[in-house]
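Undergrad: just the structure for this:
(one chain, ligands or ions: 1)
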Amino acid sequence: MKNIAVFASGNGSNFKAIIDAVQSGELEATIALLICDKPGAYAIERANAAGIPTFIFNPRDYQLKEDYEKKILHKLTKVGAELLVLAGYMRLIGPTLLTEFQGRIVNIHPSLLPSFPGKDAIGQALAAGAKESGVTIHFVDEGMDTGPIIVQESVSIDENETKKSLQRKIQTIEHRLYPSMLNTLLARGEITSDKKARTY
Ligand code: GAR
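TA: Numbering: from 1, shown residues only. The predicted structure is shown next:
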C-alpha cells in the first residue's frame, strides 16, 4: 500500500473524498499525513475524525518558505510519504519539496488549465464570460498551476450560472475524479521514491 500525504488549506472537501475512497477500498493507499498551513481550517477536523496524523503550521512563524518546507520534508520522510496530493493547498511548492518529490506531487485545479490559473478560478471563468470550464489534475512544477496535465474534465457554464452553482458542478467532478485518478496513478507503479526508477 502506498503512503500518500495530502496538503490542504481550507474546507477539505477533496480531502474528505479521498478519505472516503480509501475507506471504501476504491483508492488503494494509506493517508499517512495531512499538511495544513491554516490553523483552524476545517480540513484538520476531517483528519482528526478519520484518525489521520496532521502537521499544522503557520507560515508567518517562519522567515522563509525553505524553513517550513524543511520541517514538512522531515515529517514526510518520517511517515514515508511517496506521493504528495495537493487538495486546495493555496501555496506554491518551493525547491525544498520539489527537488525531493520531483514527479510525485499532484494538484487539482478548478478550471481547464492553462485557462484561469491561480486564485478564484471559478470567479475568473464567470467574469470572462466563458461558456465552459472544468477540472484539471496535473503534476506540480515550480510555476503557478503550470505542470504537465494528467487529466481534465469540462462542464458547461449556463446563462444563469452563479459562482455557487458552478462551484457545485466543479466540485462534484473533483470529488469523483481525484480519488479515481490517484488510484490509477498509484496502480501504474510509477510512483516510487527510487529516483532512478522514476519515469517523469
Ligand atoms: C478545490 O476546488 C480545488 O480545485 C481548488 O480549491 C478548492 C478546495 O476545496 N484549488 C485551487 O484553486 C488551487 N489553485 P476543498 O478544500 O473543499 O477541497
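Undergrad: near the ligand, which residues of this protein?
TA: With C-beta under 6 Å from any ligand atom as the criterion, the chain comes near the ligand at residues 8, 10-14, 87-88, 108-110, 121, 145, 171, 174. Backbone N, C-alpha and C define where each C-beta goes, glycine included.
Undergrad: quick one: buried ones out of these?
TA: Neighbour counting with 16 or more other C-beta atoms under 10 Å marks 8, 10, 12-14, 87-88, 108-110, 121, 145, 171, 174 as buried within the residues of the chain next to the ligand.
Undergrad: and the residue in the chain that the ligand sits nearest to, what does it touch?
TA: Closest to the ligand within the chain is Gly88: 2.6 Å, counting by C-beta to the nearest ligand atom. Residues counted as contacts of Gly88 (C-beta atoms under 8 Å, 6 or more residues apart in numbering) are Ala8, Ser9, Gly10, Asn11, Gly12, Ser13, Asn14, Phe15, Ala43, Ile108.
Undergrad: so what does the residue nearest to the spatial centre of the chain have for phi and psi?
TA: The residue lying closest to the centre of the chain (C-alpha atoms, centre = their mean) is Leu86, at 1.9 Å. Phi and psi for Leu86, reported as degrees, to the nearest 10, are phi -90, psi 120.
Undergrad: where do the strands sit along this structure?
TA: Counting by DSSP state E, the chain has these strands, from start to end: 2-8, 29-36, 54-56, 83-86, 105-109, 132-139, 149-156.
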